[in-house]
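Engineer: task: produce atomic coordinates for the following.
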Amino acid sequence: ISVFTTVNSTQAQIVSTITVTPTFTNGGVSCEGASETFTITVNPIASVVATPVSGVLCSEDSTAITLTSISSGTTAVTYAWVANIHSSPLGGTITGFSSQSVGLNSSIIQTLNNSGTSPGVVRYTITPYIDSCAGTSIDVDVTVNPKGQVNAISNQVLCTGEATALVTFDTENTGGTTTYSWFMDTPIGLSPTSGTGNLPSFTTANAGITPLVSIVTVTPTFENNGISCIGTPDTFTITVNPTPEISAQIAEICSGEAFTITPVNGNNGDIVPVGTTYTWTVVSNSNVDGEANVITPQSSVSQTLTNTSNTEQTIVYTVTPTSGASGACVGASFTVTVTVLPTPIVTASTLSAVICSTDAPSISLSTVNTPTTPGVFNVTYGWTVSVLTPPVGGSLSGFSDQSSSSLATIAQVLTNSGTSPGIVRYIVTPYIGSCAGASINVDVTVNPKGQVNAVADLVFCTGEASTVVAFGTQNTTGITSYAWSMDTEIGLGTLSGL
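Structural biologist: Coordinates of the predicted model:
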């Protein structure tokens, strides 16, 4: 049998049995011997089928290519493949693939990574073998999509009531479609707090007193050839600082004192964010000293004011509150109206009076202060009283202190049980509301009542001259005079005398 090229157009091996019959010839005689047989097996050209014939997957996912064959031969069909990048992604490469020499492995399971920004293609060239007979190769292309990617988004800081900027999401990825879903962890004025596509502009809301920080999580999804690849979420924040809302305030102070207004959150429905500061302008009053505009932010509204008149005066401040971490949220202005009471002044009709024991002085108290609104800021008087000088041999009684009152006359019945004058001192203080003026001293001298020592009865004979009757007293520090009278004429020639 000469050399020939085998042929097998089927998918199974062909076995040809060859019978060899020998014949020996000699002397013209041919002698046929016993036949021998052998076989020639011709394996087919092996074929391979890949399932799927091509594929699309996401970066970091694995291929799942199953290899099968309808061919059969002297040995089981084995496979070899060569893997290469057929199309590189933009800005990166594909890794994770590898080739296989001839072997029984009939599945291509490899995790492929795309580090670029567009789809890339890995081509597997697969060759089937029966024994050492190579079959017909096929190509399987696997498209590897990049994962979804979203570019960084800038944070926003706003005041409540301000509109956010429209947030347009974008990506570096190409060669497919990127969509975006977002979620806000804290409500700040937008409803609902989740959605797809770009984040719309909306009016922020923060009814509290501290900044609200909403974390917005954006998840990108890249889609190509019907395969969606979810990328790593990115986050940014929207901070909404509260804005002060403060109602009008009032204060009442004494002349020369400081008022301080520090609004409190919740009072009268006020919203006073943490860290609120204040600047103000003030309308000048010619009767008040100390008012001034302030442009440097303060933690409270406060100034020391002096009333230079005799009536109450009013100062009106227009205050601008500002809050926010950077002092960015300016609230509506509110007014602070301060009533500055004058310094009360008291005058007494006399600063020194003298009365008899068991009498009452009548000392009138008055003032130069005149209230603008009668009955609202009238002057009242209070006093403390004590014995300045006690009398000899006794004491003074009948006096008492008076708290602030509209009573404007010192008229207490005072008693001196001693034998010399005593002095009671009234320290009188004027008030307008709780504002005290300068005190004055009013001294009342309380004389003891006249006193005469007992005189012994006298007996004379008619025609006899009487003795001089001299009157005496226990009283001192004064002059005691005596008036006498007789109820019966007995020779003196008068019934009374001094």
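
Engineer: make it CA atoms for all contacts and neighbour counts henceforth
Structural biologist: OK.

Engineer: give me phi/psi at residue 47?
Structural biologist: phi -120, psi 160 (degrees, to the nearest 10).

Engineer: pLDDT score assigned to it?
Structural biologist: Listed pLDDT for residue 47 reads 94.

Engineer: surely it and residue 128 touch.
Structural biologist: Yes. With contacts counted by C-alpha atoms under 8 Å, residue 47 reaches residue 128, the gap being 6.2 Å.

Engineer: which one of those two is surrounded by more residues?
Structural biologist: Legend: neighbour count by other C-alpha atoms under 10 Å for residue 47 and residue 128, higher for residue 128 (29 against 22).

Engineer: touching both of residue 47 and residue 128, which residues are there?
Structural biologist: Residues touching both residue 47 and residue 128 (C-alpha atoms under 8 Å, 6 or more residues apart in numbering) are 135-137.

Engineer: give me the neighbour count for residue 287.
Structural biologist: The number of residues packed near residue 287 is 17, by other C-alpha under 10 Å.

Engineer: what sits closest to it if chain neighbours are left out?
Structural biologist: Once flanking residues are discounted, residue 287 sits nearest to residue 308: 5.3 Å by C-alpha to C-alpha, 6 or more residues apart in numbering.

Engineer: so who does residue 106 touch?
Structural biologist: Residues counted as contacts of residue 106 (C-alpha under 8 Å, 6+ apart) are 66-68, 78-79.

Engineer: can you list contacts of stretch 321-339?
Structural biologist: For stretch 321-339, the external contacting residues (C-alpha under 8 Å, 6+ apart) are 159-160, 211, 241-253, 259, 273-279, 312-320.

Engineer: buried set for that stretch?
Structural biologist: Going by neighbour count (16 or more other C-alpha atoms under 10 Å), the buried part of stretch 321-339 is 321-324, 329-331, 333-339.

Engineer: just stretch 102-112 next, same as before
Structural biologist: The neighbour-count check on stretch 102-112 (16+ other C-alpha under 10 Å) flags 102, 106, 108, 110-112 as buried.

Engineer: want to throw the residues you listed into JSON lines with distance to residue 10?
Structural biologist: Listed next are the buried residues of stretch 102-112 as JSON lines, based on distance: C-alpha to C-alpha, whole Å:
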{"residue": "102", "distance to residue 10": "22"}
{"residue": "106", "distance to residue 10": "22"}
{"residue": "108", "distance to residue 10": "27"}
{"residue": "110", "distance to residue 10": "33"}
{"residue": "111", "distance to residue 10": "37"}
{"residue": "112", "distance to residue 10": "37"}
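
Engineer: ok, those residues vs residue 219, which is closest?
Structural biologist: Nearest to residue 219 among the buried residues of stretch 102-112, counting by C-alpha to C-alpha, is residue 112 at 21.9 Å.

Engineer: host element of that closest one?
Structural biologist: Here residue 112 sits within strand 111-114, counting by DSSP states H and E.

Engineer: list the neighbouring strands of that strand plus their orientation.
Structural biologist: Strand 111-114 has its sheet partners listed here by DSSP bridges as strand 61-62 (antiparallel), strand 94-95 (antiparallel).

Engineer: list the contacts of it.
Structural biologist: Residues outside strand 111-114 that contact it (C-alpha under 8 Å, 6+ apart): 59-63, 89, 92-97, 120, 144-146.

Engineer: which helices and strands does the lowest-mean-pLDDT helix or strand in the chain pack with?
Structural biologist: Within the chain, no helix or strand scores below strand 496-497, which has a mean of 86 by mean pLDDT, DSSP states H and E. For strand 496-497, the packing partners by 3 or more C-alpha pairs under 8 Å, 6 or more residues apart in numbering; DSSP states H and E come out as strand 484-485.
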